[in-house]
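1. no sequence on this one, just coordinates:
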């Protein structure tokens, strides 16, 4: 049987916010699969901030996306054909194979895994119990190294990563202060997610509110944003503070990001400098299964809540990324196929 696979290909490297010209909507026909391969019909695409960095042709922790190939990204979907002993037709799976509507993949592909827990929506495996959730878990616990009673500040607190960080922080007995943009997001972070406080960075009294909320200083700052937020956080960090650096989205669209001030510049100037480092969740791949199971159990027990923006239509993936980069989305951004 033949399947028409729609693909968003990277067409041009952007300068600033990616325009429509940066992608090309392409179609290919997928027919036969080979031994040890499966064919996945994609149900949801994940849209994440790191994708903007992959569009650049610059040295980073991962190779850049290639011109003429599908835009990088993770998906969840359903196995519709299988010549594999590991996967059956009807299995729900995750795969990191980019923006496309059908995926032909070897059962040995390192990014491919089967969703075992069907009591929660499959798209949570792209959010709270997937890569963003694992990133939150590893960054907080293994880089942040929390101790009960400490103060944790989380930027982008209503986002896919930040929202999980703060909730895990509360489970660890921390005082948790979130930073988010706008009254609606701040109310969600405090009232629905259970943070002790959430400060609106768009407010004119952002600096004063941050200082008064952190009257005992900051022991852990989970960095997602960079820019002015990091500058205001820096003098509030206690001796011995730890800063897991997940990203700095405020700079991702800079035409000259290499020349931009990063959290490493700001934190490195402090005396003494806090322990800080960039990390990615692939550093702990041997623990993925265990952590995914732990996070899924927290969701089942309503101890880990999440918010998602689900946009219908594969054609809307580029705008979905722009919405993430500009803060227009709320929570985890997904594209429903």
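-> Perfect, I can see it now. It should be emphasised that the depicted structure is a prediction, and the values quoted were computed from it without experimental measurement.
2. continuing past the strand ranked longest in the chain, what's the next helix or strand?
-> The residue-count maximum for a strand in the chain (DSSP state E) belongs to strand 37-47. Once strand 37-47 ends, the next helix or strand along the chain (criterion: DSSP states H and E) is helix 50-54.
3. between the helix or strand following that next one and strand 37-47, how many degrees?
-> Once the chain leaves helix 50-54, the next helix or strand it forms, by DSSP H and E, is strand 75-82. Calculated by axes from the mean of the first three to the mean of the last three CA atoms, to 10 degrees, strand 75-82 forms an angle of 170 degrees with strand 37-47.
4. List the buried residues of the helix or strand just after strand 75-82.
-> Note on strand 75-82: by DSSP H and E, the next helix or strand toward the C-terminus is strand 92-95. Neighbour-count burial for strand 92-95 flags 92-95 (criterion: 16 or more other CB atoms under 10 Å). For every residue, glycine as well, the C-beta is placed using N, CA and C.
5. give me the number of residues near residue 191?
-> 10 (other CB atoms under 10 Å).
6. so what's it up against?
-> Counting by CB atoms under 8 Å, 6 or more residues apart in numbering, residue 191 makes contact with nothing.
7. wait, is it part of a helix?
-> Yes. According to DSSP: H, G, I helix; E, B strand; the rest coil, residue 191 belongs to a helix.
8. and residue 277, helix, strand or coil?
-> Residue 277 ends up strand, using three-state DSSP.
9. Show me how the record splits this protein into domains.
-> Domain assignment for the chain, taken from automatic domain parsing, gives 3-126+307-336, 131-282.
10. Pipe the ones you listed into a markdown table and attach distance to residue 299 and mean pLDDT per row.
-> As requested, those are exported to a markdown table (distance: least, CB to CB, whole Å; pLDDT from 0 to 100):
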| stretch | distance to residue 299 | mean pLDDT |
| --- | --- | --- |
| domain 3-126+307-336 | 5 | 95 |
| domain 131-282 | 9 | 95 |
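11. Would you point to the one among those that's packed deepest?
-> Ranked by mean neighbour count, these are led by domain 131-282 with a mean of 20 (mean count of other CB atoms under 10 Å).
12. now do the same end-to-end measure for that one.
-> Taking CA to CA, to the nearest Å, domain 131-282 runs 9 Å from one end to the other.
13. Likewise for stretch 320-337?
-> Separation of the first and last residues of stretch 320-337 by CA to CA is 13 Å.
14. Could you do stretch 228-240 as well?
-> 22 Å.
15. How about residues contacting that stretch?
-> Stretch 228-240 is contacted from outside by 153, 155, 179, 201, 206-207, 210-211, 214, 216-219, 221, 223, 243, 248, 250, 263, 266-267, 270, 272, 274-275, using CB under 8 Å, 6+ apart.
16. all strands of the stretch 151-300 of the chain, in order?
-> Along the stretch 151-300 of the chain, the stretches classed as strands by DSSP state E, counting those that start in this stretch are 151-154, 175-180, 197-200, 218-222, 237-245, 275-278.
17. quick one, which of the ones you listed is nearest to residue 24?
-> Of all the strands of the stretch 151-300 of the chain, strand 275-278 sits nearest to residue 24, with 31.4 Å by CB to CB.
18. List the neighbouring strands of that closest one plus their orientation.
-> Take DSSP bridges as the rule and strand 275-278 pairs in its sheet with strand 237-245 (parallel).
19. hmm, back to that, tell me which of the strands of the stretch 151-300 of the chain lies nearest to residue 289.
-> Closest approach to residue 289 among the strands of the stretch 151-300 of the chain is made by strand 237-245 (21.9 Å; CB to CB).
20. need the contact list for the spatially most central residue of the chain.
-> For the chain, residue 132 is the residue whose C-alpha lies nearest the centre (CA atoms, centre = their mean; 4.1 Å). Neighbour list for residue 132: 48, 126, 159-161, 164, 332 [criterion: CB under 8 Å, 6+ apart].
21. Would you mind giving the residues you listed as TSV with distance to residue 291 added?
-> Output for the contacts of residue 132, formatted as TSV (distance: CB to CB, whole Å):
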residue	distance to residue 291
48	18
126	15
159	19
160	15
161	14
164	11
332	17
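22. Now, those residues that are in helices?
-> Those of the contacts of residue 132 mapping onto helices are residue 164, per DSSP state H.
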